[in-house]
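1. coords below, sequence missing:
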């Protein structure tokens, strides 16, 4: 009986990676392509993608990076063995990458990604990410104050997962460490009532990757009513139905994601469905949330085609949101797209001005990203930031459930706006500090007291985590040499018990003037070992170290993926939905894929 074996692109890449790691002592400078079976690799002139063939084995390269399955019959398994034998002769993955470019000329015309991303020839790298430069270490005597805006976005974590599931490491700029850390719930104590919209928790212990530094965790936990009851919602679904959305992981996944949210609505809610492609239009006029049959029927009608006139769609969505505006309720546009705005007036500055204007009128903007190949992560994050909303990337239906069902209140209902954190370090006790992540959320010192400066928002039940790596005064080894001509500054004698002073500012959802919360970080809170700290701190440290390693690992010394696994497994703790277990699996996969050592 004949049967088929299905091997995904991701699985094949991991197989090839394992073969390289287990190679024989024989070294070969280049793979002898002439020794492969005739027709192993050729270019199909009738298509835009190269084709890998062997006999009747055939797999089209998926340039959206979605891991199309390779279907290989039982009689053809010997060909896979032959490929494995040749890969075994390769000295490094770099040689594999060079071979793929040499033998697949159509791939060589693409913009060259970094070497470790070339391990999978079936992925293009046309997605757009903002540049990220890691925060430097700072001396307290020179810059004693650190100020930044909070960030509840989690899009980066899902993007990292998508790349790994496709068998490649993510581009460095796709990795925003704070978004990886904030993907997880750290079970901070909740505030007792909504008059205090969030609680503040701090914990400090030895850093797991540097014996001369300590790790400070600052956690905010948003208020969530006991019955999770939220305000009535006026939601406008703004859905991209352009041709670029015609892929299984785009419009079909988007429709299924919104179906999950629709089932959480009731008669107090109002739903409008706006679509855009070459032009925009209203598919479903404002409809009560309990009329789910009508809403789902409108979703089912959607199909993809045409170019993307996103700015036109956003204007129409805001117009519809204004018509159905709910006083003292939730008024929000939810934009779902791959971010490929390619026609019409795509003036991003004008678009942002419009979003900020509508935000001031009480209509927020949330962005949900889908797909790959032409995905604009930078634009999606930027639009949500300016729209007092949050940004998530939906790579599978489970992520849609997390964002739109499990965290529906946090996604939809804002409990605190323009949340800023400022820390003044005590130079008598702390000599150096480094903020981990939040590179695109840094604020000037004077911005903290300026209520006109925008900052991040917290939704109902959201928790936010920030990590600092600090060096205590008198440490045997510091990371920055002291200045030659600077004399010791005189410090106050009455604050020897305080490591730092933490200040937070926030506004009520409808408020114009900010409120201030202050809290001292005490020396007596220092724990002598990371092993005696809470699961919360240890798991957050593991995730932060993982993010640093994905970006090259310069800040975590010799800390390795193995160390991340050890730390995260020991700190896994309560894991109701399995997100921490999934993280551990992703670290294991990354360790196999990363050839940088």
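-> Yes, it's here. Keep in mind that this is a model prediction, so the values were computed, not measured.

2. show me the strands in the stretch 301-450 of the chain, by range?
-> Along the stretch 301-450 of the chain, counting by DSSP state E, counting those that start in this stretch, strands occupy 330-337, 364-369, 391-393, 414-425, 430-436.

3. tabulate those (a markdown table), appending mean neighbour count.
-> C-beta: built from backbone N, CA, C; applies to glycine. Below are the strands of the stretch 301-450 of the chain laid out as a markdown table (neighbours: other Cβ atoms under 10 Å):
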| stretch | mean neighbour count |
| --- | --- |
| strand 330-337 | 24 |
| strand 364-369 | 26 |
| strand 391-393 | 27 |
| strand 414-425 | 23 |
| strand 430-436 | 23 |
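
4. leaving out sequence neighbours, find the closest residue to residue 408.
-> With Cβ to Cβ, 6 or more residues apart in numbering as the criterion, residue 408 has its nearest non-adjacent residue at 5.4 Å, and that residue is residue 264.

5. apologies, that question was intended for residue 433.
-> residue 470 (4.6 Å).

6. for that neighbour, give me its contacts.
-> Residues in contact with residue 470 (Cβ atoms under 8 Å, 6 or more residues apart in numbering) are 204, 213, 214, 215, 216, 425, 430, 432, 433, 434, 499.

7. before we move on, the earlier item: look up how far residue 409 lies from the residue nearest to residue 408.
-> If you measure residue 264 against residue 409 using Cβ to Cβ, to the nearest Å, the figure is 10 Å.

8. more neighbours: these two, which one.
-> residue 409 (21 against 15; other Cβ atoms under 10 Å).

9. how close does residue 427 get to residue 143?
-> 10 Å.

10. neighbour count for the two, which is higher?
-> residue 427 (18 against 12).

11. and the residue lying closest to that one once chain neighbours are set aside, what pLDDT?
-> Using Cβ to Cβ, 6+ apart and skipping the chain neighbours, the partner closest in space to residue 427 is residue 140 (4.5 Å). Residue 140 is assigned 95 on the pLDDT scale.

12. now do residue 140 against residue 167, distance only.
-> Per Cβ to Cβ, residue 140 is found 44 Å from residue 167.

13. where are the low-confidence patches of the stretch 301-450 of the chain?
-> Within the stretch 301-450 of the chain, the stretches with pLDDT under 70 are 306-311, 340-346.

14. what are the bridge partners for the residue nearest to residue 433, then?
-> Under the criterion DSSP bridges, residue 470 forms beta bridges with residue 214, residue 433.

15. end to end, how far does stretch 129-136 reach?
-> 21 Å (Cα to Cα, to the nearest Å).

16. where's that stretch relative to the chain centroid, distance-wise?
-> Computed by Cα atoms, centre = their mean, to the nearest Å, the separation of stretch 129-136 from the middle of its chain amounts to 14 Å.

17. what residues does that stretch touch?
-> 171-176, 377-378, 381-382, 434-440, 442, 551, 554-555.

18. and with 7 Å instead?
-> 171, 173, 174, 176, 377, 378, 434, 435, 439, 440, 551, 555 (Cβ atoms under 7 Å, 6 or more residues apart in numbering).

19. let me see the mean pLDDT of that stretch.
-> On average, stretch 129-136 scores 93.

20. same thing with stretch 477-484?
-> 82.

21. buried ones in that stretch, by neighbour count?
-> 478, 479 (16 or more other Cβ atoms under 10 Å).

22. again with stretch 571-590
-> Quick answer for stretch 571-590 (16+ other Cβ under 10 Å): 571, 575, 580, 583, 584, 586, 587, 589, 590.

23. residues making contact with it?
-> 161, 164, 169, 184, 187, 535, 538-539, 542-543, 546, 561, 564-565, 568-569.

24. figure out the length between the terminal residues of it.
-> 19 Å.

25. please compute how far that stretch lies from its chain's middle.
-> The chain centroid and the centroid of stretch 571-590 are separated by 16 Å, computed with Cα atoms, centre = their mean.

26. shared neighbours of residue 264 and residue 409, anything?
-> Contact criterion Cβ under 7 Å, 6+ apart; no residue bridges residue 264 and residue 409 by contacting each.

27. re earlier: switch the buried residues of stretch 571-590 over to a markdown table; also include pLDDT.
-> Shown next, in a markdown table, are the buried residues of stretch 571-590 (pLDDT from 0 to 100):
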| residue | pLDDT |
| --- | --- |
| 571 | 97 |
| 575 | 94 |
| 580 | 97 |
| 583 | 98 |
| 584 | 98 |
| 586 | 98 |
| 587 | 98 |
| 589 | 96 |
| 590 | 97 |
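
28. quick one, phi/psi of the residue nearest the centre of the chain?
-> For the chain, residue 156 is the residue whose C-alpha lies nearest the centre (Cα atoms, centre = their mean; 1.3 Å). When read as degrees, to the nearest 10, the backbone of residue 156 gives phi -60, psi -40.

29. isn't it right up against residue 173?
-> No: if you go by Cβ atoms under 7 Å, residue 156 and residue 173 don't touch, sitting 9.7 Å apart.

30. ok, the closest residue to residue 437 other than its chain neighbours - contacts?
-> Leaving aside its chain neighbours, residue 437 sits nearest to residue 178 (3.2 Å; criterion: Cβ to Cβ, 6+ apart). If you count contacts by Cβ under 7 Å, 6+ apart, residue 178 has them with 151, 437, 438.

31. doesn't the first one lie inside a strand?
-> Looking back up the chat, that one is residue 151. No: assigned with DSSP: H, G, I helix; E, B strand; the rest coil, residue 151 falls outside any strand and is coil.

32. re the thing from before, and the residue nearest to residue 433, how far from residue 295?
-> In this view, residue 470 and residue 295 are 51 Å apart by Cβ to Cβ.

33. next one: residue 270
-> Residue 270 is 11 Å from residue 295, by Cβ to Cβ.

34. between those two, which contacts overlap?
-> residue 287.

35. and residue 261, what element?
-> Per DSSP states H and E: residue 261 is located in helix 251-262.

36. if we can go back for a sec, what is the nearest of the contacts of residue 178 to residue 365?
-> Looking at the contacts of residue 178 and their distance to residue 365, the nearest is residue 151, at 15.8 Å (Cβ to Cβ).

37. which residues touch the closest one?
-> By Cβ under 7 Å, 6+ apart, the contact set of residue 151 is 178, 179, 182, 438, 441, 456.

38. which of these has the most neighbours?
-> Ranked by neighbours (other Cβ under 10 Å), the contacts of residue 151 are led by residue 178, which has 28 neighbours.

39. which helix or which strand is home to that residue?
-> Using DSSP H and E, the element containing residue 178 is helix 177-181.

40. then residue 464?
-> strand 463-472.

41. equivalent analysis for residue 234, please.
-> With DSSP H and E as the criterion, residue 234 is inside strand 233-240.

42. ditto for residue 506
-> Assigned by DSSP H and E, residue 506 falls in strand 498-507.

43. so that strand versus strand 414-425, what angle?
-> Here strand 498-507 points in a direction 150 degrees away from that of strand 414-425 (axes from the mean of the first three to the mean of the last three Cα atoms, to 10 degrees).

44. who touches strand 498-507?
-> Counting contacts by Cβ under 7 Å, 6+ apart, the residues outside strand 498-507 that touch it are 197, 200, 218, 416-426, 429-430, 448, 514-523.

45. partners of the next helix or strand after it, with directions?
-> Proceeding N to C from strand 498-507, the next assigned helix or strand is strand 515-522, under DSSP H and E. Partner strands and pairing direction for strand 515-522 (DSSP bridges) are strand 498-507 (antiparallel).
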